[in-house]
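# kindly return the folded structure for what I paste below:
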Amino acid sequence: MKIGLIISDSHVYVKQTIEKLFGNFSDVIKYDFANTELDEILYEFSSVNLFGDTKYIIIEKADEIFSKSFESDDLISYLKNPSELSNIVFVASKVDKTNEIYKYILKNYQVFDSSEKKYNNNIIDVKKYVKDHKSHISDKAVEYIKDATLNNYDLMINEIDKLLILGKDNISDELVYNLVPLTPDGNTNNFIDAILLMDDKEALKCINNFDILNVDLTKMIALIAWNVRVIYLIKTNRKDKVKLDDVLKIYKIPDFKYNKYVRMGNIRSEEELENIIIGLSNIDEGIKSYKITKENVGYHLLNLFCL
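Residues are numbered from 1 along each chain as shown. Next up is the predicted model:
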């Protein structure tokens, strides 16, 4: 594949499609078309890669290229005679299907359009995602997650990634019902983000919602600890690209979540993160020895992270 176009506002769909197209590649050149001149991109398309035979180039936020008013004889000329050494993917959230460049790529190359997915495709794709991660989930549980996330594919995968940490071989129905509330205000991701960002007001709001929804926070300790470890490892390895890449690969951190983890890491020192990991271990031990009740877990977490 030399040239492709991905039409989607889903980060997950874009990432998965690029992985299918490019395979397991480590070096990719990314351009944000909103902040880049077309001439610079065309030069990149045609220039020789000094570090290998093939270049992988992604043009993000390329909506303008595929808008109704956009015209470029130079880009059309390149599409008709592309470099044999460049693999190119344009990414746009929407396109005008009368656009000349869109029509040429559709006819001569490949277009991947997530808007054409049928309503039930998310369920099929999510089940396949779980299977690819060597785990299992029931149809009933997937339907529940679909309803909880309003059938948003990115949110569904986000919930599945969270559940896979605790249900590596099997995502049980009980785990799903405990960690994926049907109301956005009870979303466990909001709570985790709040305590990691030291937003005590939002964290307390979530704790109150969990009380109403009868959500068992004891089941979240391992998940919270996982997030803290990721933040700690990113913070301590940011200056070593090889080690950082290993961390991102091992923990399967997508590009669009990386900056959030960096921002969370900047709030605390390495020592503070180490103390939080120890504190989580103490809370877990308190739960197992019945010194901390499930009704009080949220407040212990609030004290540990936000005070």
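# so residue 164: helix, strand or coil?
Residue 164 carries the three-state label helix when classified by DSSP: H, G, I helix; E, B strand; the rest coil.
# verify the stated contact: residue 70 with residue 64.
Yes. Assessed by CB atoms under 8 Å, residue 70 is found in contact with residue 64 at 5.8 Å. All C-beta spots, glycine's among them, are computed from the backbone N, C-alpha and C.
# for this protein, what helix or strand is lowest in average pLDDT?
Lowest on mean pLDDT, DSSP states H and E among the helices and strands of the chain sits helix 200-213, with a mean of 83.
# gap between the next helix or strand after that one and the chain center?
Under the assignment DSSP states H and E, the closest C-terminal helix or strand after helix 200-213 is helix 221-237. Averaging C-alpha positions (CA atoms, centre = their mean, to the nearest Å) puts helix 221-237 16 Å from its chain's average.
# could you measure from residue 228 over to residue 275?
According to CB to CB, to the nearest Å, residue 228 stands 10 Å off from residue 275.
# who has more neighbours, these two?
Set side by side, residue 228 and residue 275 show unequal neighbour counts under other CB atoms under 10 Å, the larger going to residue 228 at 23 against 13.
# what's the separation between that one and residue 244?
When CB to CB is applied, the distance between residue 228 and residue 244 equals 17 Å.
# coming back round to it: of residue 70 and residue 64, who's got more company?
A direct count of neighbours by other CB under 10 Å for residue 70 and residue 64 places residue 70 higher, at 17 against 12.
# so who does that one touch?
For residue 70, the set of contacting residues under the criterion of CB atoms under 8 Å, 6 or more residues apart in numbering consists of 64, 99, 101.
# so which of those residues belong to helices?
If you go by DSSP state H, these have residue 101 in helices.
# now the least confident helix or strand of the chain, how far from the centre of its chain.
Averaged C-alpha coordinates place helix 200-213 at 25 Å from its chain's average position (CA atoms, centre = their mean).
# with only the CA atoms kept, save it in PDB.
Provided in PDB are the C-alpha atoms of helix 200-213 (Å, rounded to 0.1, in the frame of the first residue of the first chain):
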ATOM      1  CA  ASP A 200     -10.400  16.700  45.100                       C
ATOM      2  CA  LYS A 201     -13.800  18.300  44.300                       C
ATOM      3  CA  GLU A 202     -14.300  16.000  41.200                       C
ATOM      4  CA  ALA A 203     -13.000  13.000  43.100                       C
ATOM      5  CA  LEU A 204     -15.400  13.600  46.000                       C
ATOM      6  CA  LYS A 205     -18.300  14.100  43.600                       C
ATOM      7  CA  CYS A 206     -17.500  10.700  42.000                       C
ATOM      8  CA  ILE A 207     -17.300   9.000  45.500                       C
ATOM      9  CA  ASN A 208     -20.700  10.300  46.300                       C
ATOM     10  CA  ASN A 209     -22.100   9.000  43.000                       C
ATOM     11  CA  PHE A 210     -20.400   5.600  43.700                       C
ATOM     12  CA  ASP A 211     -22.200   5.500  47.000                       C
ATOM     13  CA  ILE A 212     -25.600   6.100  45.300                       C
ATOM     14  CA  LEU A 213     -24.800   3.500  42.600                       C
END
